[in-house]
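> I need the structure of the sequence given here:
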Amino acid sequence: MPRSSTYEAVLDASLFTPAQLQPTAVGRLAFQAGTRWMRDHVCSHRTLVHEHRVGFVLWSWQLEYVHPLRFLDADEVRVEVTARVRGPRASQLEVEMTLEGPSGVAVRTRAASVPLRLSGDEALSGAPRPLPDALAGAFHDDETERTPHRSRIRAMRAGFARDGEQLASGRTHFRVHRHHCEVADQWYWAETLGFAAGAREELVMRHGKALPGLRRALAAPLRRVDVTWLRAGQFRDLFEVRTTAHRVGDELAFVHELWLADDEGGIESGIEDGGPYAVVVERI
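Purely as a prediction, here's the structure:
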């Protein structure tokens, strides 16, 4: 049976919107959960980076809101996390987390990361490499899956174009400051969920009068968030979030592309051809 780590997380008002746990807060809880599983069963994050010269870059993440959980519903949640290596030669690390409240599982996440061989510099720069045998061997047979994790972002966007109706689009700018970063002055991936949420709110404020159906995106809880990160932003980078809202049946879907912009508000030379840094899909 795959090993799990289970513990209690105390809740406070800063983690919530009026409707639910904030996506950024869930991201932080999920990162802590994965780090805790690694410490409990393989090695600590510090040991992984400092002694083994191995890091992980998050590539794909899914958040599903299963049952309602608001601030007044509970004092704490039960966190359960499992992990496994996936793909040929342990080329991915997949971590799954659930948060359980009084009504059962409220939140479920799944993260797929790519291992890096770190160069040893302060920026924690590195190149993709399969997990070293000494670390891969710490995973049990039932924590190993040869088929790789696949992102659903491309198929979802194709479905919106095929089956949905585009309602509005817009652009919002955010700069990466140090409180958005981790220790190497590289953006902390969970903060990009906040950039996307802010861009959604801006879009609704701009177009909600003409398109009343958009307004529920300010009050109704999210059902699911899917993200893929294609490269990392750095301290002081300015990003342009290009947001498109779709109606798909009774559902609202917001697609956010995060592009690097220059300080005059345009796209930096050479970046346009390289594509976005991240794509976030929110569904309501």
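> okay, now the unreliable bits of the protein?
Scanning the chain for pLDDT under 70 picks out 123-124, 263-273.
> could you measure from the spatially most central residue of it over to R152?
Centre of the chain computed as the mean C-alpha position; nearest residue by Cα atoms, centre = their mean is W61, 4.7 Å away. Between W61 and R152 the distance is 11 Å, computed by Cβ to Cβ, to the nearest Å. All C-beta spots, glycine's among them, are computed from the backbone N, C-alpha and C.
> and the longest strand anywhere in the chain, which strands flank it?
Counting by DSSP state E, the longest strand found in the chain is strand 104-118. Applying DSSP bridges, strand 104-118 is found paired with strand 54-65 (antiparallel), strand 92-101 (antiparallel), strand 126-128 (antiparallel).
> which helix or strand contains the most far-flung residue of the chain relative to its centre?
Within the chain, the residue lying farthest from the chain centre (Cα atoms, centre = their mean) is A210, at 31.2 Å. A210 is part of no helix or strand, with elements assigned from DSSP states H and E.
> run through the bridge partners of the residue nearest to the centre of the chain.
A111, V227.
> show me where the stretch 151-284 of the chain has its helices.
In the stretch 151-284 of the chain, helices defined by DSSP state H, counting those that start in this stretch lie at 153-163, 189-207, listed in chain order.
> for H67, find the nearest of those.
helix 189-207 (20.3 Å; Cβ to Cβ).
> now for that closest one, which elements pack on it?
Other helices and strands packing on helix 189-207, by 3 or more Cβ pairs under 8 Å, 6 or more residues apart in numbering; DSSP states H and E, are helix 23-41, strand 165-175, strand 224-229, strand 238-248, strand 251-261, strand 278-283.
> for E122, find the nearest of these.
Across the helices and strands packed on helix 189-207, closest to E122 is helix 23-41 (Cβ to Cβ), at 20.3 Å.
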